[in-house]
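In: Mind folding the following:
(one chain, ligands or ions: 2)
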Amino acid sequence: MAPSRAMRSLLAMPPTLRHLLLRQTILSPAIAQRRLATTTTQQTTPEPASSHPKTPPRTSRSKPNRAPTERPDSPVKAPPCLSFLPTPSNNPEQTAIPAKPPFRDTLWAANKLFTEQPPQFLYSAPRFRLVQENTRIPEVCIIGRSNVGKSTLINALVGKSTRLAGRSHPALARRLNAAATSSKAGCTKTLNMYGVGTVKREVLQAALQERAEANKKLGSLTRSERREAAKQPREKLPWHALVLVDMPGYGFGSLGEWGVEVNKYLNNRAMLKGAVVLIDAVAGVKEDDRAVLRMLRDANVRTTVMLTKGDKLEYSHEAMDAALVKTWETLRKIEGQGQTWKEGEGWDNEIWVTGAGDERRSGGLGVDGARFAICKMVGLLPDRRIEVPGPEAEVVKKVEPPKIVPFEELLWASSVKTPETKGRRREVNSGF
Ligand SMILES: Nc1nc2c(ncn2[C@@H]2O[C@H](COP(=O)(O)OP(=O)(O)OP(=O)(O)O)[C@@H](O)[C@H]2O)c(=O)[nH]1
Ligand SMILES: [Mg+2]
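Out: Ligands and ions are numbered 1, 2, ... in the order given. As a prediction, the model looks like this:
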């Protein structure tokens, strides 16, 4: 007789595990029956008088009835992105108007770019001459006064939680591929580079091809020439979509030569695609900020302004209005003295508000918007909120309305074989 299915699986098992299957298939019905019998007798026998009446029997599903309590550190409700636009410059009553948020899929794409891959700390450069060559990856520098929250924003942008990333020891923070932050001004003293996202395939391919050609050339050199060539620093292969540069802060606690080195960087870095200027939402625009905006104007670097510590003002539009209006005023004044650095071209008039260091909620508030603003400035993502009526709109308007053809006419037309339709039919048939 052929063994049953259960027996076959039992024989297929290692001998040491067979008892488990036995218990499951053969013994369990017997055990279950015995348990059922004991529970029914327990239910029928009355409880002894001495036992405590007391808490209702707890079934596995029932939970104690507790009133929902508010955690003291429950997250504040704040938008993932928040930005403001100014009223036109000729309007005497300047106020900040909340801007339309970016589309969800655009925000998703920006978030993906920043957080899909873990960020990488690339290197630190105390001087501009020590900055490594980069001819392929776009760079964005985060610039602002000491303690404004530059390093904190970088950590939030790359998806490092404030608690994880909040290390004031630079070596430890770098080991975590994060930026060191501190409540003391002057924490960041060098230009720190962080690689974000994944490089485009064609960029990497081009770099690999160039390297292969350079290696080929090396092969034809004499030994001494090769030794000389080896001394020249080679550009590293690109791995990231974007490089974020954490700048040392200016103002209180900053280095004396800050202006000199940063000026060299702003004027000579070919792959610098833009600067994010951080301004403290509580303190507002200071004289140092004006000086930096002038430097950016003179170097003709695309600029996006962000207000940090927006959580301290509870993201209130009214509370931030003064700081926002002052920022636009400053930008327009500075722009007036330049040639090319203009509103909408040199600097973006949309000001973004962030609260990356808000300890009540990890992940950072307004950070999604900041990610999108950077992608937009660099040209990695389009701003689809602006609907420009292009030439296609004109074409659509000019198209004549379709003619209504009677059914009989249609039938007649399909039965007539014009030279054109004949040819087309033959063509189609020949294709099969
Ligand atoms: N509440 C709040 N605190 C913040 C925010 N951003 C930064 N901070 C705090 O501000 C302090 C300074 O932050 P950092 O990121 O070190 O500032 P920094 O601009 O890099 O400073 P330097 O490196 O000295 O130039 C830290 O204690 C942060 O926790 C924010 O958006 N909200
Ligand atoms: Mg810093």
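In: CA only for contacts and neighbour counts going forward, please
Out: Noted.
In: so how far is Pro102 from Ile386?
Out: Distance, Ile386 to Pro102, using CA to CA, to the nearest Å: 10 Å.
In: Please apply the same query to Glu133.
Out: 34 Å.
In: Also Asn263?
Out: Taking CA to CA, one finds Asn263 at 33 Å from Pro102.
In: before we move on, back to that, Ile386 and Pro102: who's more crowded?
Out: Neighbour count, other CA atoms under 10 Å: between Ile386 and Pro102, Pro102 has more, with 20 against 9.
In: Mind checking the pLDDT average for the helix or strand containing Gly195?
Out: Here Gly195 sits within strand 191-196, counting by DSSP states H and E. Here strand 191-196 scores 93 as its mean pLDDT.
In: which helices and strands does it pack with?
Out: Counting contacts by 3 or more CA pairs under 8 Å, 6 or more residues apart in numbering; DSSP states H and E, strand 191-196 packs against helix 104-115, strand 120-125, strand 242-246.
In: and it, which strands flank it?
Out: strand 120-125 (antiparallel), strand 242-246 (antiparallel) (DSSP bridges).
In: And for it, what's in contact with it?
Out: Residues outside strand 191-196 that contact it (CA atoms under 8 Å, 6 or more residues apart in numbering) are 113-115, 117-127, 158, 177, 239-248.
In: Kindly recompute the last result at 6 Å.
Out: Strand 191-196 is contacted by residues 114, 119-125, 240, 242-247 when judged by CA atoms under 6 Å, 6 or more residues apart in numbering.
In: And for stretch 146-155?
Out: 178-179, 181, 185-186, 249-250, 280, 356-357.
In: Does ligand 2 have contacts with that stretch?
Out: Yes: Stretch 146-155 lies within reach of ligand 2 by CA under 5 Å from the ion, at Ser151.
In: What is the end-to-end distance of that stretch?
Out: Span of stretch 146-155 from end to end, CA to CA: 16 Å.
In: so for it, what's the average pLDDT?
Out: On average, stretch 146-155 scores 90.
In: Up against ligand 2, what does the chain have?
Out: Counting by CA under 5 Å from the ion, the chain sits next to ligand 2 at 151, 188.
In: Strands of the chain, start to end?
Out: Along the chain, the stretches classed as strands by DSSP state E are 83-86, 96-98, 120-125, 139-144, 191-196, 242-246, 272-280, 303-308, 351-353.
In: The fifth one near ligand 1 anywhere?
Out: Right, the one you point to is strand 191-196. No: remark: strand 191-196 sits outside contact range of ligand 1, by CA under 6 Å from any ligand atom, the gap being at least 10.3 Å.
In: Report the backbone C-alpha coordinates of that strand in CSV.
Out: Taking Å, rounded to 0.1, in the frame of the first residue of the first chain, the C-alpha atoms of strand 191-196 are listed here in CSV:
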residue,chain,number,x,y,z
LEU,A,191,34.7,73.3,3.2
ASN,A,192,33.1,69.8,3.7
MET,A,193,31.8,67.9,0.7
TYR,A,194,29.0,65.4,0.7
GLY,A,195,28.0,63.3,-2.2
VAL,A,196,24.3,62.8,-2.7
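In: and the chain, which residues reach ligand 1?
Out: So the chain meets ligand 1 at 146-152, 181-183, 185-188, 248-249, 308-309, 311-312, 354-358 (CA under 6 Å from any ligand atom).
In: Arg104: how many residues sit nearby?
Out: The burial count for Arg104: 9, using other CA under 10 Å.
In: low-confidence ranges in this structure?
Out: The model of the chain has pLDDT under 70 over residues 1-3, 6, 10, 17, 19-78, 161-168, 252-256, 359-364, 387-432.
In: give me that answer again for 80
Out: 1-79, 89-92, 161-177, 182, 186, 251-259, 336-339, 357-365, 386-432 (pLDDT under 80).
In: Neighbours of Lys216, how many?
Out: Lys216 has 11 nearby residues by other CA under 10 Å.
In: how close does it sit to Arg174?
Out: According to CA to CA, Lys216 and Arg174 sit 36 Å apart.
In: What of Glu213?
Out: For Glu213, the distance to Arg174 - CA to CA - is 34 Å.
In: quick one, which of the two is more surrounded?
Out: The neighbour count for Glu213 versus Arg174, taken as other CA under 10 Å, is higher for Arg174 (20 against 11).
In: The spatially closest residue to the more buried one that is not a sequence neighbour: how many residues sit nearby?
Out: In space, and not counting its chain neighbours, Arg174 is closest to Phe121: 6.2 Å by CA to CA, 6 or more residues apart in numbering. Phe121 has 20 neighbouring residues, counting by other CA under 10 Å.
In: Tell me what Phe121 is bridged to.
Out: With DSSP bridges as the rule, Phe121 is bridged to Tyr194.
In: OK, contacts around Ser9?
Out: Ser9 touches nothing, counting by CA under 6 Å, 6+ apart.
In: where's the closest residue to Thr188 other than its chain neighbours relative to Trp352, distance?
Out: Spatial nearest neighbour of Thr188, excluding adjacent residues (CA to CA, 6+ apart): Pro248 at 4.9 Å. Applying CA to CA, the value for Pro248 to Trp352 is 21 Å.
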